[in-house]
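Trainee: Could you look at this predicted model? Sequence included:
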Amino acid sequence: MKGIIFNVLELFVEQEVSPGAFDEALEEVELISDGIFVGPKTYPDEDLLALVGYFSEKLSIEPFPLVRAFGRFALPHLAARFPNFVEGHTHPKTFLLTVHGVIHVEVRKLMEKTKLPDFSYEDPAPNQLIMYYRSERKLCALAEGLILGTGDFFETPISIDHSECMHRGADACKLELVFEDGGPSRI
Amino acid sequence: MADQAEFERLQKLHRRTVRKVEVLENLIEEKTRALYQANQSLEQANDELEQRVDERTDELARALRVATEANRAKAEFLANTSHELRTPLHGMLGVAEYLVGTTQDPKQEEALDLILRSGRQLVELINSVLDFEKLDAQKFELELLPFSPRDLVHHVVWLFRERAKEKGVALEAELGLLPPFAVGDELRLTQVLGNLVSNAVKFTTEGSVTLRAKCLDPETQDELHSLPSVTSSVAILWQVKDTGPGIDERRRQSLFEPFEQAEKSTARMHGGTGLGLAICKGFVELMGSQIILESTVDEGSNFCFTTIHQLAPTKVTSVVPDLPAADGILTLVVDDNGINRKVAKMMLTRLGCEVEVATSAKDALELAAQQPFDLIFMDCHMPIVDGYRATQELLSRLGTACPPIIGLSATSDRTKEKCLQAGMSDFIQKPANLKALSTALENWAGREDA
């Protein structure tokens, strides 16, 4: 997992839990890395899962909603760090449609050894989008959170029906999105 | 207590931040090094690439020099070979023409006919290859002289009338308004129209072949009904239309490419090098036009092109005064080649002339000073003093008493123009035939029945 995700997680914890909570976690959780996370470097996935497990227990929140809340928090910070990816978009649907074919391609160029999930799409109606998520990490909660964060960023509420899930044995997580503003304007 | 806890938290944060900075510094150093190395590799690759481009450019320049030199050598070889081939052909065809009509044996007549046909075919072939080579090397220059478009059309029709008659195909000339004389390359126009008419006659089995010519306004392309003043120019539309088998769309695309024929079996059935239309295309393009082909399968084809010509008040005339018509014309043949002299003498004797021969310009000057010749046939390419200089010398020494001089040469490259510039009255390309010599006698020695 790239260091930037740990950096945003630190911001999330400092803001949503308490100042100093991230340092406490670093002292208490046994990490594979030294806990000095910098954006461009890559760190073990296990460290992220250990930190999530720690906060889930500490805050008595299930890992899924916790990771989803983190994803929702993370999106605007990631957008601020990589503004080129959101420029030119005025609606979350057009942005989300570029995640696999454009953003992930560019991220691979910027960051070596990045493991990124696969997305495929169905576009049944202007106000709908079906995204299929596949990843060894099975971080569909993070994907859900990032999608909701995209809705916040473009000020367009999105509802998600996570009808099929890799955690329940499906090949891919099926995320059925409905854009409550009716979809992007054709103009 | 709270201040102490906050102080400790900030201390931890500070330590972690300091370590992060250290990690980032290391990372930046690592990336900078990697970037430097990548840059070095890139510069090296760039240098290597530049070197390879330079080497390749040198190789290509060398190859181009070699190819240009080879092409020049090929062109020179072709020109020389062509001249060398024409010279013995001139002898062979001359003797064969001389012999026609001298024997009662039909088998011998047939054999002579075969020799003449084959020889003429060979001459055409040599001319085609040489023309194509010159066009290909962009070395062809048109000879712009006054000519009669009307006579040109009649001449082309006359050339193929026998062949059309044999096939039962009507060959007709249709003339619109045409100027009496226009400036252009008569020989090349004849060659183009001859080739188009020859093809049309060759492939048409019933119906007709029509050669049309008419004047158009060069600006509007409208047909002219009266000629402008002689200082103006006109466009002439040349058209060869037949009722032959037509050419389908696919074959029309490549018809003007060298060595292409509408049917691959054409070469077997009708002969030809496949250079004819490529040469026509080259000549017409050189004249600033292009051949347009319209054709419908089973209905016929229509080849046409338009050429622009300055109007000429009259055909160019020789600086040498005309001589009165006389029987038993006295001619002088000047040629360094023994066979050529002999052949020319045989043919001119056959035509009723008295013939003297000279082997060099020097001999010619001496003989011309002693006898009043009616006509001189002058080989252009002779050692020491060539035919052009010999002509100038004759004109200078004899003045108005100098008889008309007809140039003879196996090379065709602007030779007629050079002959006329040197003061000759006309030019005959070798191998000369009886008809050409007879025409020259008729035109320049006042002979009525040559």
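Mentor: Perfect, thanks for sending it.
Trainee: which ones are touching the closest residue to chain B within chain A?
Mentor: Nearest to chain B, among the residues of chain A, is A:G20, at 4.0 Å (CB to the nearest CB). C-beta: built from backbone N, CA, C; applies to glycine. Counting by CB atoms under 8 Å, 6 or more residues apart in numbering or on different chains, A:G20 makes contact with A:E14, B:A5, B:R9, B:K12, B:L13.
Trainee: any chance of those residues in a markdown table, plus pLDDT, neighbour count and secondary structure?
Mentor: As requested, the contacts of A:G20 are exported to a markdown table (pLDDT from 0 to 100; neighbours: other CB atoms under 10 Å in any protein chain shown; DSSP: H, G, I helix; E, B strand; the rest coil):
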| residue | pLDDT | neighbour count | secondary structure |
| --- | --- | --- | --- |
| A:E14 | 92 | 15 | helix |
| B:A5 | 83 | 10 | helix |
| B:R9 | 85 | 16 | helix |
| B:K12 | 85 | 16 | helix |
| B:L13 | 86 | 16 | helix |
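Trainee: For these, please prepare CSV with the additional fields distance to A:L177.
Mentor: Below are these laid out as CSV (distance: CB to CB, whole Å):
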residue, distance to A:L177
A:E14, 30
B:A5, 44
B:R9, 40
B:K12, 41
B:L13, 39
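Trainee: Excluding chain neighbours, what is closest to the closest residue to chain A within chain B?
Mentor: The nearest approach of chain B to chain A comes at B:R9, 4.0 Å away (CB to the nearest CB). Spatial nearest neighbour of B:R9, chain neighbours left out: A:G20 (4.0 Å); criterion: CB to CB, 6 or more residues apart in numbering or on different chains.
Trainee: Does the helix ranked longest in chain A reach chain B?
Mentor: Taking DSSP state H as the criterion, chain A has its longest helix at helix A:63-81. No: against chain B, helix A:63-81 shows no contacts by CB under 8 Å from any CB of the partner chain, the least distance being 15.1 Å.
Trainee: Which residues in that helix does the neighbour count mark as buried?
Mentor: A:64, A:66-75, A:78-79 (16 or more other CB atoms under 10 Å in any protein chain shown).
Trainee: Centre of the chain to the helix or strand of chain A with the lowest mean pLDDT, how far?
Mentor: When the helices and strands of chain A are scored by mean pLDDT, DSSP states H and E, helix A:104-110 comes last with a mean of 84. On the basis of CA atoms, centre = their mean, to the nearest Å, helix A:104-110 sits 16 Å off its chain's mean C-alpha point.
Trainee: In which helix or strand does B:H309 reside?
Mentor: Assessed by DSSP states H and E, B:H309 sits inside strand B:300-310.
Trainee: after that strand comes which helix or strand?
Mentor: Assigned by DSSP H and E, the successor of strand B:300-310 is strand B:330-334.
Trainee: quick one, whichever helix or strand comes after that following strand and strand B:330-334 angle?
Mentor: Heading C-terminal from strand B:330-334, the first helix or strand you meet, by DSSP H and E, is helix B:338-350. On the basis of axes from the mean of the first three to the mean of the last three CA atoms, to 10 degrees, helix B:338-350 is oriented at 170 degrees to strand B:330-334.
Trainee: list the helices and strands helix B:338-350 packs on?
Mentor: helix B:2-99, strand B:330-334, strand B:354-358, strand B:375-379, helix B:434-444 (3 or more CB pairs under 8 Å, 6 or more residues apart in numbering or on different chains; DSSP states H and E).
Trainee: Determine which stretch of those is the most buried.
Mentor: Each of the helices and strands packed on helix B:338-350 was scored by mean neighbour count; the highest is strand B:375-379, a mean of 27, by mean count of other CB atoms under 10 Å in any protein chain shown.
Trainee: Tell me which other helices or strands that strand touches.
Mentor: strand B:330-334, helix B:338-350, helix B:361-370, helix B:387-398, strand B:405-409, helix B:434-444.
Trainee: in the fourth one, what's buried?
Mentor: Along helix B:387-398, these residues count as buried under the neighbour rule (16+ other CB under 10 Å): B:G387, B:Y388, B:A390, B:T391, B:E393, B:L394, B:L395, B:L398.
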